[in-house]
Structures are given as C-alpha cells and as structure tokens.
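Visitor: Build the 3D model from these lines:
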Amino acid sequence: MNIHFCYLRNIFKFHFCFILGLIVIDCQLSFSQDLTISDKNEIRYDAKLFVKELELLMNTLSNPNISRYSRDILIENSCSPSANQIFLNEDVIIEDDIDPNNFDYTAVKDVRVVRYLKDLDLFYLKKQEQSIGFTSLISGEVKNGEYVYIEVYFESLFNGSHKILSDKYTVTKRVATIKAEKQKGIWKMLIASIVFYSPQKHKFVQQYLDYLNKEIQMDSMQVVIDSLHQNIQIAKEEEAVPEKLEEKKEKKGLKYELGLKAGIGLPVGKFSNLAKVGLAYGVEGIYYINSFAAMEAGITFNSFKGQSETNAPKKWSSTAYTISVLYFLDIKNINPYVSLGIGVYRVKSVFNTPGAPPLNIQPSEIKEITNNFGFVPKVGNIIAINEKLNFNPSISVNNVFYKGELTDGMSFVSMNFSLNYKFY
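Guide: The predicted structure follows:
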C-alpha cells in the first residue's frame, strides 16, 4: 500500500514540475522574443518606410483639397485600430514642432498625437503640393525588452508657413520610437513617440555617421544603411525603454474657452425711431462638441439712450441670457461659423412724463421691467491669436419679442468682439 502511494506521489511530483516548467517557459516566451538577423534587418528596413507613411499623412492633412470631414477621419484612424493606423494609441506623446519656435531638444512642448495633428491642420498653411519632407533616415539598433522597438532618426522640414506666426521653419532633427510586433509572420509597426534628437540620448546616430566616414576613408564598397546595421553593434549595453514610451496621459477634460466681449448695438425696425446706437459688454463661453460644431452661452448687457431727451422715451437697458449652437464652415485658411440661439432678455425701460407747472407737478420718470423671449441668428469667425487665446468677432440680430406696454417693439443688431482663453 505504501509502495503504491509513494509511486503515485512521485508521478504527481513529476507531472507537476513538468507542467510548471512549461508555464515558466511560456511566460518567458510571451515577454521576450528571439530575434534572428533576418528579423532585425526586416524591422530596420520597414521602420524607415513607416516613418515615410507619417510624412504622407502630414502632407495629406496639409492639402486644401481634402475636406474637413476626411481630415478628421484620417486623424481618428491614425491612432485607433484601422487599416490606416500608424500610432500606438491616442495617448502617444509628440514633442511639438508645428510652432516654428520649437526646433530642438532645448525647448520642448509635449502634446498628444491628436492635438498635434489637429494643430497641423489648423495652423499650418495648406498647399496643393507636398510641403513637408523627411530626409536622412537612420535606423537604430533593434531593442528586445518587454516588447520589440526601434528608434529611427530623420530630418524634417516644413516648406510652408505658419498661419499666425511669422517665424520661418528650419530643418529639425527628430527621432521616432516605433514598436514592432510580429503578427502572422509579418512585423507590424506603430509609432510610440516622436521627440527631438538629443546627442546624449540618441548616440546611435553619431556612431553610424562615424562608421560611415570610416568606411569612406577606407575606400570600401558602397553599402546601404540596412546592410551596414546588420554588422555593426551600435550599443554594448541595453538601454532603458525611452521615457517617451511611458504612457504620459494628459487629463482628459472638456474642450472649452471663456472670455470677455464688448461692442455696440444698432436699433432696427420701430426701435430705431426711438433709440440711438448703444454700447454692449458681457461674458461668453464656448464648448466644442467636435471639429465643426460647438455650444455657446453668454450674458450680454446692452444700453440705449432715447433719440431726444424732450420726448417720452429716455433710455433702455437689456440683460440677455442666451445659448446658441455654432456650426463651423470649411473655408480655406479661416474658421468662420454661423449660429442660431435663443435667450431671455430682461429689459428695463425708463420714460419721462411731462410736468404741469400750473399744478406744481414736476417732470418724473416711469420705469418698466419686463422679461422677454428672443432668438438670435449670428455669424462670426474664430481667429487663433496664439495657442491659448482666440479672437471672436461676430454680428448678431437680436429679435426680442418685447411685451412691454410703453415701447412698440425692441430689436437690434449687435457687433461684438470677444477675447477668449482656451482651456485645452
């Protein structure tokens, strides 16, 4: 009995250790892949071609013949699972070079990939011909850690101009980190970050140039970059995964802006026979639903004086609480919109009453306060002053369904100018 028990126990131990060993081996294989020389050559070659796909995307977004809808779809598909995906996900961080003042690693501004591509769409002057070029591509060593990745150096030049800033673009040196994953025998590439080239961080570039110069001095045969990298050990020690590969996540929030506005009001219709041109001031907020629609809410104070102090009407003041839907038009180089809104107008009317000297009755004022419904069609244009401020000139028609007893109608045209601070 004991012999059978010991025998079964030993069999159990053997199978348990065998299964445990398989699990350990499987886990190790899942975190690390053995790369052949052929794998590394394929990754180096494809990674450079993949950077050229980014060049194609940026030139497509800069083409004035591509509709806003198509551009938005391209941006969305570039960082989400699709046939056109080239970025790892929407949280990929890119060091901005859309602003021509950002041209090397000494002045860095991190943005998420969607913001970067939308800034390119909004601020870079569009041209029919390709105006963005990537040259001097150099592949680094294929790294095999938690996943396989490679760095690719390239030089970028925007041959166009910025819509707002007058500074000219210069050649910038960039490094893209690309994650590689083998799927059904083919290496799939996705960009994980793009940063400015730093000699201290990206030593593989100078090592390759030094090797190339040495080969030229020795008058050796001409070779292409990919075959060179097969025989060169670019780095002796494993480098840590670049900081940019860590998932830097900005706080996801609403895309909105708040600001102050001032302007004038021009009485129209019957109201123009009673009142003079008035002044206006207030506050407004805009929440962007998507690239072509937004909601706007505002509080505006308008004041008007009567045409003549001797007549009965003396002055009016209107506090308008409005909400509008904005629709942006897809017009080259500008960002105009049309909108329709509704609101409540709290109107205070002040009138003079004549005196009666024989009866010793002095002139006096009559005040009337009413709450009125109205609707407001408007046109305007959002103009980016810089990355944090927008200028918003607009013209609106305030159709007030005035229900006061002392004034026959109250409608006016507003010309307002707003300065808004962007919270995105």
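Visitor: Pick out the residue nearest the middle of this structure.
Guide: Most central in the chain under C-alpha atoms, centre = their mean is residue 115, positioned 2.6 Å from the mean C-alpha point.
Visitor: host element of it?
Guide: Using DSSP states H and E, residue 115 sits within helix 113-123.
Visitor: Following the chain past that helix, name the next helix or strand.
Guide: Downstream of helix 113-123, the next assigned helix or strand under DSSP H and E is strand 132-139.
Visitor: Give me the helices and strands touching the following helix or strand past that following strand, please.
Guide: Moving toward the C-terminus from strand 132-139, the next helix or strand (DSSP H and E) is strand 143-144. For strand 143-144, not one helix or strand is in contact under the criterion 3 or more C-beta pairs under 8 Å, 6 or more residues apart in numbering; DSSP states H and E. C-betas here are computed from N, CA, C, even on glycine.
Visitor: Show me where the stretch 201-350 of the chain dips below the pLDDT cut-off.
Guide: For the stretch 201-350 of the chain, the stretches with pLDDT under 70 are 215-253, 308-313, 331-333.
Visitor: buried stuff in the helix holding residue 115?
Guide: Buried residues in helix 113-123, counted by 16 or more other C-beta atoms under 10 Å: 113-121, 123.
Visitor: from those, which two are the most distant?
Guide: Longest distance between any two of those is 15.9 Å, between 113 and 123; criterion C-beta to C-beta.
Visitor: need the helices for the protein, in chain order.
Guide: For the chain, applying DSSP state H gives helices covering 2-31, 37-61, 68-78, 113-123, 203-217, 225-231.
Visitor: Not counting the third one itself, show me its contacts.
Guide: The set of residues that contact helix 68-78 without belonging to it, under C-beta atoms under 8 Å, 6 or more residues apart in numbering, is 57, 60-61, 66, 83-87, 113-114, 117-118, 121, 290-292, 330.
Visitor: Can you mark which positions in stretch 255-269 are buried?
Guide: Using 16+ other C-beta under 10 Å as the test for burial, stretch 255-269 gives 256-257, 259, 261, 263, 265-267.
Visitor: For residue 335, state which of the residues you listed is nearest.
Guide: For residue 335, the nearest member of those is residue 257. The distance, counting by C-beta to C-beta, is 13.0 Å.
Visitor: Now do the same contact list for residue 158.
Guide: Residue 158 makes contact with 97, 100, 124, 131-132, 169 under the criterion C-beta under 8 Å, 6+ apart.
Visitor: Can you flag the buried ones in those residues?
Guide: 97, 100, 124, 131-132, 169.
Visitor: Go through those and say which is closest to residue 324.
Guide: Among these, residue 124 lies closest to residue 324 (C-beta to C-beta), at 29.5 Å.
Visitor: circling back: would you reformat the contacts of residue 158 as TSV and include distance to residue 297 and pLDDT?
Guide: Converted to TSV, these look like this (distance: C-beta to C-beta, whole Å; pLDDT from 0 to 100):
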residue	distance to residue 297	pLDDT
97	36	95
100	35	93
124	31	94
131	39	92
132	39	95
169	38	94
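Visitor: and the gap between the residue nearest to residue 415 when sequence neighbours are not counted and residue 400?
Guide: Nearest residue to residue 415, sequence neighbours excluded (C-beta to C-beta, 6 or more residues apart in numbering): residue 263, at 4.9 Å. Distance of residue 263 to residue 400, given as C-beta to C-beta, to the nearest Å: 17 Å.
Visitor: ok, now residue 334?
Guide: Separation of residue 334 from residue 400 (C-beta to C-beta) stands at 31 Å.
Visitor: who's more crowded, the two?
Guide: Neighbours were counted for residue 334 and for residue 400 using other C-beta atoms under 10 Å; residue 400 has more, 22 against 10.
Visitor: Tell me what the more buried one is bridged to.
Guide: residue 374, residue 410 (DSSP bridges).
Visitor: Could you list which residues are in contact with it?
Guide: Contacts here follow C-beta under 8 Å, 6+ apart; on that basis residue 400 touches 318, 345, 347, 372-374, 409-412.
Visitor: Make a markdown table from those residues and add distance to residue 105 and neighbour count to it.
Guide: Formatted as a markdown table, those follow (distance: C-beta to C-beta, whole Å; neighbours: other C-beta atoms under 10 Å):
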| residue | distance to residue 105 | neighbour count |
| --- | --- | --- |
| 318 | 55 | 24 |
| 345 | 55 | 23 |
| 347 | 59 | 22 |
| 372 | 59 | 17 |
| 373 | 58 | 13 |
| 374 | 55 | 21 |
| 409 | 64 | 17 |
| 410 | 60 | 29 |
| 411 | 58 | 17 |
| 412 | 55 | 25 |
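Visitor: In the residues you listed, which has the lowest confidence score?
Guide: By pLDDT, residue 409 ranks lowest within the contacts of residue 400, coming in at 74.
Visitor: OK, contacts around that residue?
Guide: Neighbours of residue 409 in contact, by C-beta under 8 Å, 6+ apart: 269-271, 400, 402.
Visitor: Name whatever forms a beta bridge with the closest residue to residue 371 other than its chain neighbours.
Guide: Distances taken as C-beta to C-beta, 6+ apart put residue 346 closest to residue 371, at 5.4 Å, once the chain neighbours are dropped. Residue 346 has these beta-bridge partners by DSSP bridges: residue 319, residue 371.
Visitor: Touching, residue 346 and residue 369? I think so.
Guide: Yes. Contact criterion C-beta atoms under 8 Å: residue 346 and residue 369 qualify, at 7.1 Å.
Visitor: Neighbour count: those two, which is higher?
Guide: residue 346 (14 against 10).
Visitor: Which parts of stretch 64-78 count as buried, going by neighbours?
Guide: Here stretch 64-78 shows 71-72, 74-75, 77-78 as buried, counting by 16+ other C-beta under 10 Å.
Visitor: Over that stretch, what's the mean pLDDT, rounded is fine.
Guide: Here the average pLDDT along stretch 64-78 is 93.
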